[in-house]
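**Q** Next comes the sequence, and after it the predicted model I'd like to discuss.
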Amino acid sequence: MRRVTIVGMGALGLLYGAMIQDHAKDVELSYVMDDARAQKYQGTTFTINEKPYQFPMETADRAKEADLLIVAVKYTGLKSALDVMNNCIGERTIIVSVLNGISSEKIIAERFPKAHIIDTVAQGMDAMKFGNSLKYTQCGELHVGITGESQRKDLDVLVKFFEKVQIPYVIEADILYRMWGKFMLNVGINQTCMVYGQTYGEVLNKGESNRTLFAAFREVLAIANAEGIALSEKDVAQYVKILQTLDPKGTPSMGQDRINKKASEVDMFAGAVIELGKKHSISVPTNEFLYERAKEIEQEYL
């Protein structure tokens with residue numbers, strides 16, 4: 001891991017970039033982006049938990065092959081990110097996607113069929129980014145896993161790098177189970193916080209938003225079971241415990257989208273649940289409500 005490239009300067013992109021810069025001075029770190037973003041961010045000082053950082057950046061046409069490529073854009077920016085990262089991918093490049101949802105790895109693999117992709121779930125962080133400032137109390141951990149033994153060597157190299165730069169990680173025996181669990185969490189907490197304009201702590205209190213949270217969880221649970229993923233009420237309880245460790249005054253990415261007046265990832269969450277509900281003839285009224293309300297909120301400022 002001599003050269004690491006990150007696509008995306010949102011909360012997770014900056015979080016992992018800072019950890020790499022702090023703990024791996026021998027690694028050539030860069031952020032790759034289109035020309036417009038390069039002009040916007042060039043020379044910018046970011047503050048991460050009040051500490052100032054400046055990061056090297058390069059445009060897509062000047063990008064070099066990376067040993068590790070971290071994809072940390074929002075789902076709404078994934079399509080354009082695929083063009084930006086084209087020159088970064090070589091025969092040995094390991095790709096890690098920290099996007100929410102259950103589809104980013106598949107989308108990347110369709111564009112780059114020979115890519116070395118390690119399925120990854122980012123979980124347990126409460127990072128919030130407003131402007132050029134990032135704050136968090138929990139950096140969470142990356143859950144990684146493989147679906148075939150041919151990926152074992154890449155996984156070993158990756159986790160050694162995580163240890164070097166002090167990124168907490170968990171190796172999952174069943175990464176698809178973990179990905180669906182995180183998807184359930186995001187469908188519930190992201191959308192509920194955005195639609196009700198509330199924080200983690202407020203949604204966890206008894207009331208309408210809390211009932212919506214659990215109803216959204218259970219719709220995903222039913223669909224996951226139909227897809228052959230053994231999620232259960234124990235998983236619901238586990239993810240609630242994770243939410244209780246986060247900053248109660250914080251809000252997840254879709255809550256931040258509402259504050260920052262940006263397009264949200266509702267299509268990746270409720271949109272996907274609605275389509276899967278149709279596939280399996282499973283009723284998903286809570287996600288239908290969340291989808292409609294999120295779109296109404298976006299129309300107020302987009």
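**A** On my side now, so go ahead.
**Q** what ranges do the strands span in the stretch 1-150 of the chain?
**A** Ranges of strands in the stretch 1-150 of the chain, per DSSP state E, counting those that start in this stretch, are 3-7, 28-33, 46-48, 51-53, 57-59, 68-71, 94-97, 116-125, 128-130, 133-135, 139-145.
**Q** Contact partners for the residue nearest the centre of the chain?
**A** With distances taken as C-alpha atoms, centre = their mean, residue 99 lies nearest the centre of the chain, 3.0 Å away. Applying C-beta atoms under 8 Å, 6 or more residues apart in numbering to residue 99 gives the contacts 71-75, 78. For every residue, glycine as well, the C-beta is placed using N, CA and C.
**Q** Can you report how many residues neighbour the residue lying closest to residue 49 once chain neighbours are set aside?
**A** Spatial nearest neighbour of residue 49, chain neighbours left out: residue 135 (5.9 Å); criterion: C-beta to C-beta, 6 or more residues apart in numbering. Neighbour count for residue 135, taken as other C-beta atoms under 10 Å: 16.
**Q** again, but for residue 275
**A** Using other C-beta under 10 Å, residue 275 has 12 neighbouring residues.
**Q** Surely it is in a helix?
**A** Yes. Counting by DSSP: H, G, I helix; E, B strand; the rest coil, one finds residue 275 located in a helix.
**Q** so what's it scoring on pLDDT?
**A** At residue 275, the predicted lDDT confidence score is 96.
**Q** can you tell me how far it sits from residue 267?
**A** For residue 275, the distance to residue 267 (C-beta to C-beta, to the nearest Å) stands at 10 Å.
**Q** what do you get for residue 147?
**A** 25 Å.
**Q** Looking at those two, which is more packed in?
**A** Between residue 147 and residue 267, residue 267 has the larger neighbour count (other C-beta under 10 Å), namely 17 against 13.
**Q** Who's the closest spatial neighbour of the more buried one, skipping the chain neighbours?
**A** Once flanking residues are discounted, residue 267 sits nearest to residue 75: 7.5 Å by C-beta to C-beta, 6+ apart.
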